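# what follows is a predicted structure for the sequence shown.
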Amino acid sequence: MFESLKKKFSGTIGKISEQLSSEEEEAIKEKESKAETTSIPDLEVGKKEVTSPKTEKKEDKTSGKDEEKVASGKEKVEEIDGEKKSRFSFFRRKSDTEDADKQDKDDSKLKTELSPDEAAAVSSKDQESDMDKESEKEGEEEPSGLFTFATHKTISEKDIDDILFELELALLEGDVAMEVAEQIINSVKEDLVGRKLKRRGDVAQFTREALKKAISDILVVDGPNLNELVQQAKKTGEPLKIMFVGVNGTGKTTTISKIADHYVKAGYTPVIAASDTFRAGAIEQISHHAENVGVKIIRHQKGADPAAVAYDAVEHARAQNKELVLIDTAGRMQTNVNLMDEMKKIQRVVKPDLAIFVGDALTGNDAVEQARKFDEAVGVDGIILTKADADAKGGAALSIGHVINKPILFLGVGQGYGDIMEFHPEWMVEQVLGD
């Protein structure tokens, strides 16, 4: 049941998790690449400075002045050493400052006693040693990729826009009404954008929670509680009158027999009004079901006035102290003005407490549009969706209540009299987002 919706939502959760994880991994790689790039110029500077004494030596040979050559070598070594200490001194720990200064003095004294070539070699080794220390320092201070993700990632609108657009298209393909799909997407976006992620697993958790909230907001609609109304009818002695409406072939007659069986098992005594006097075989069909579930039926001849049949059923219930009157009506298209007017006449005569729209879950958006038209004509108070057990898409179940702002009361889940269940929004949320 609703497998298509479940796949769509679980796919969205997975895509958002992958998107954010891949973006973070790319950011980490880019950061590492920049760190490597900045270290290369430092090495090149060191090489240039190391080779400079050789250049000085060559120039000094042409001059032929040994004393100036030695002095130049000393000055260059001291200059290199000073630059080296300036460049890398901030990487040393404070606790090692005194030892490092002492070591530098010894190195400087040693270099002044060496030839320029030997001094340059010593300076090069010192630079490589200092750069190794720098690399170790960065390794200690730089957090791992997972830790970076945990402390720096915030979900942005750019991260999820494309994925949510794909989800919206998928919902529309699954017979979800446009306004419902848009509300789900906007709600999820509002909940996710700006959320800070502490762990990689938070992405899936936050997305699932956002979808649950969005779907719950769609499904939760205030409406009548049939069980409370029937109990009240039993106390007052005035029967609860329910009129069932809908188009042809949605399963109204079978649904009425299921509702009758449901309340018989709950300890109540319903009566059925066979007010579908238009369709051939309708009276015989409802009579057969009433006999099977052990319920009294009030019927007239084919072609009789449907309002008169309903009126007689209500009077019988009052006389016999029965708590529930279930009024069957002829199936009609919402565009058939004459039949819609006939249904309004039943309303005027009987004044039913509830008008329940019976829709076929498999018709998707058609069921939503039918419910809208019947609500405009007679004022629908609740919805029963039939054939929900065969509904893989789930678009009608998700949309219909929100579109006309009336609750789904029951779902038909099979062909037996007991194959009907009360609808609970949290149950459907688990169906489409549960593990």
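Noted; the coordinates are in hand.

# so where do the helices sit in the stretch 151-300 of the chain?
Along the stretch 151-300 of the chain, counting by DSSP state H, counting those that start in this stretch, helices occupy 157-173, 178-192, 202-219, 226-236, 252-265, 282-293.

# pick the most buried one from these.
Across these, averaging neighbours per residue (mean count of other CB atoms under 10 Å) puts helix 252-265 on top, at a mean of 22. In short, each C-beta sits where N, CA and C put it, glycine included.

# helices or strands next to that one in the packing?
If you count contacts as 3 or more CB pairs under 8 Å, 6 or more residues apart in numbering; DSSP states H and E, helix 252-265 packs onto strand 240-245, strand 270-274, helix 282-293, strand 324-328, strand 382-386, strand 408-412, strand 420-422.

# nearest to residue 392, out of the helices of the stretch 151-300 of the chain?
helix 157-173 (12.3 Å; CB to CB).

# if I take the closest one and helix 202-219, what angle do their directions form?
Helix 157-173 runs at 40 degrees relative to helix 202-219, counting by axes from the mean of the first three to the mean of the last three CA atoms, to 10 degrees.

# run through who's touching helix 157-173.
Residues from elsewhere that reach helix 157-173 (CB atoms under 8 Å, 6 or more residues apart in numbering): 8-9, 11-12, 15-16, 19-20, 23, 178, 180-182, 184-185, 188-189, 192-193, 395.

# redo that, cut-off 10 Å
4-5, 7-9, 11-16, 18-20, 23, 153, 176-178, 180-182, 184-186, 188-189, 192-194, 203, 207, 210-211, 365, 393-395, 398-399 (CB atoms under 10 Å, 6 or more residues apart in numbering).

# surely residue 229 and residue 352 touch.
No. The criterion here is CB atoms under 10 Å, and residue 229 misses it with residue 352 at 11.8 Å.

# okay, domains of the chain per the record?
Dividing the chain into domains by automatic domain parsing, as the record does, gives the ranges 3-23+150-219, 26-147, 226-424.

# weakest of those in terms of mean pLDDT?
Within these, confidence is poorest for domain 26-147, with a mean of 49 (mean pLDDT).

# ok, residue 303 - how many residues close by?
Residues lying near residue 303 (other CB atoms under 10 Å) number 8.

# list the contacts for it?
With CB under 10 Å, 6+ apart, residue 303 has these contacts: 277-278.

# what about it, distance to residue 196?
According to CB to CB, to the nearest Å, residue 303 and residue 196 sit 70 Å apart.

# same check on residue 311?
For residue 311 relative to residue 196 (CB to CB), the value is 65 Å.

# more neighbours: the two, which one.
residue 311 (18 against 12).

# report how many residues lie close to the residue nearest to residue 208 when sequence neighbours are not counted.
Among residues not flanking residue 208 along the chain, residue 13 sits closest, at 5.7 Å (CB to CB, 6 or more residues apart in numbering). Neighbourhood size, residue 13 [other CB under 10 Å]: 19.

# distance of residue 13 relative to residue 205?
Residue 13 sits 9 Å away from residue 205, going by CB to CB.

# would you confirm that residue 295 contacts residue 326?
Yes. If you go by CB under 10 Å, residue 295 and residue 326 touch, sitting 8.2 Å apart.

# got any residues that touch both of those two?
Counting by CB under 10 Å, 6+ apart, the shared contacts of residue 295 and residue 326 are 256-257, 259-260, 263, 270-272.

# and those residues as a markdown table, adding distance to residue 405?
Shown next, in a markdown table, are the shared contacts of residue 295 and residue 326 (distance: CB to CB, whole Å):
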| residue | distance to residue 405 |
| --- | --- |
| 256 | 24 |
| 257 | 28 |
| 259 | 23 |
| 260 | 28 |
| 263 | 26 |
| 270 | 28 |
| 271 | 30 |
| 272 | 29 |
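
# so which of those residues is the closest to residue 299?
Distance to residue 299, by CB to CB, is smallest for residue 272 among the shared contacts of residue 295 and residue 326, at 8.6 Å.

# how much space between the closest one and residue 327?
For residue 272, the distance to residue 327 equals 8 Å [CB to CB].

# neighbour count: these two, which is higher?
Higher neighbour count among residue 272 and residue 327: residue 327, with 29 against 26, using other CB under 10 Å.

# contacts only, for the more buried one.
By CB under 10 Å, 6+ apart, the residues touching residue 327 are 241-245, 256, 271-276, 298, 306-307, 309-311, 313-314, 346, 350, 352, 355-356.

# quick check: it vs residue 424, distance?
26 Å.

# now residue 415
In this view, residue 415 and residue 424 are 22 Å apart by CB to CB.

# how about residue 398?
Going from residue 398 to residue 424 by CB to CB gives 14 Å.

# the more surrounded of these two?
Using other CB under 10 Å as the criterion, residue 398 and residue 424 rank with residue 398 on top: 26 against 13.

# residue 388 is in contact with the more buried one, correct?
No. At 11.6 Å, residue 398 does not count as touching residue 388 under the criterion of CB under 10 Å.

# ok so, going back, closest one to residue 219 among the helices and strands packed on helix 252-265?
When these are compared for distance to residue 219 using CB to CB, the nearest one is strand 408-412, at 7.8 Å.

# the closest one vs helix 252-265, what angle?
100 degrees.

# alpha carbons only: can I get strand 408-412 in CSV?
The C-alpha coordinates for strand 408-412 follow below in CSV (Å, rounded to 0.1, in the frame of the first residue of the first chain):
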residue,chain,number,x,y,z
ILE,A,408,-10.6,10.7,5.7
LEU,A,409,-12.7,8.6,8.0
PHE,A,410,-12.3,5.0,6.7
LEU,A,411,-10.2,3.1,4.1
GLY,A,412,-11.5,0.1,2.2
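
# now it and helix 226-236, what's the angle there?
Relative orientation of strand 408-412 and helix 226-236, computed by the same axes, to 10 degrees: 110 degrees.

# please identify which of residue 295 and residue 326 sits among more neighbours.
Taking neighbours as other CB under 10 Å, residue 295 and residue 326 compare with residue 326 leading, 26 against 22.

# what residues are up against that one?
Counting by CB under 10 Å, 6+ apart, residue 326 touches 240-244, 255-257, 259-260, 263, 270-273, 286, 290, 295, 297, 313, 317, 356.

# 6 Å instead?
By CB atoms under 6 Å, 6 or more residues apart in numbering, the contact set of residue 326 is 242, 256, 260, 270, 272.

# give me the number of residues near the closest residue to residue 339 other than its chain neighbours?
Setting aside the residues directly before and after it, residue 339 is nearest to residue 332 in space (CB to CB, 6+ apart), at 3.7 Å. As a burial measure, residue 332 scores 22 neighbours (other CB under 10 Å).
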